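K.L.:
pasting the structure only:
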């Protein structure tokens, strides 16, 4: 069984930065892509960023140039560095493990999910 635990969320002013972490259990972490999604109140869960097994990444247009996804396979951890945060980035952020090694933007391409961490950006 794979468990994902997010941390690093919080309250920050617009223009500030946060770094989210997602620690994964299990020995198969390195074989799969990992992704970050977010869900604001009353909205659908949306794709934010993903990183492949080999380190290739892709981003939603809304965060491109501001967010950076990375992974440390030795620590079974994936990160999301968020800079120049905006109020519209406010949401619960979830990490997820992909079903394959390559990046995917569709939530149905992910099979394990964390509990989420709240990010609130004040104006």
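P.N.:
Good, I have the coordinates. Here the structure is a predicted model, which means the values were calculated and not measured.
K.L.:
show me the shaky parts of the chain.
P.N.:
Within the chain, the stretches with pLDDT under 70 are 27.
K.L.:
give me the buried positions along the strand or helix carrying residue 6.
P.N.:
In this assignment (DSSP states H and E), residue 6 forms part of strand 4-7. By neighbour count on 16 or more other Cβ atoms under 10 Å, the buried set for strand 4-7 is 4, 6. The C-beta positions use only the backbone N, C-alpha and C, and glycine is treated the same way.
K.L.:
quick one: strands adjacent to that strand?
P.N.:
With DSSP bridges as the test, strand 4-7 is paired with strand 18-24 (antiparallel).
K.L.:
how far does the partner strand sit from its chain's centre?
P.N.:
From the chain centre to the centre of strand 18-24 is a distance of 8 Å (Cα atoms, centre = their mean, to the nearest Å).
K.L.:
buried set for it?
P.N.:
In terms of neighbour count (16+ other Cβ under 10 Å), strand 18-24 has its buried residues at 18, 20-24.
K.L.:
what pairs with the very next helix or strand once past it, parallel or antiparallel?
P.N.:
The element immediately downstream of strand 18-24 (helix or strand, assigned by DSSP H and E) is strand 34-39. Here strand 34-39 is paired, per DSSP bridges, with strand 46-51 (antiparallel), strand 91-98 (antiparallel).
K.L.:
the first one: which residues count as buried?
P.N.:
Which is strand 46-51. The neighbour-count check on strand 46-51 (16+ other Cβ under 10 Å) flags 47-51 as buried.
K.L.:
can you put those in CSV and add distance to residue 77?
P.N.:
CSV is the format used below for these (distance: Cβ to Cβ, whole Å):
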residue, distance to residue 77
47, 20
48, 17
49, 15
50, 15
51, 12
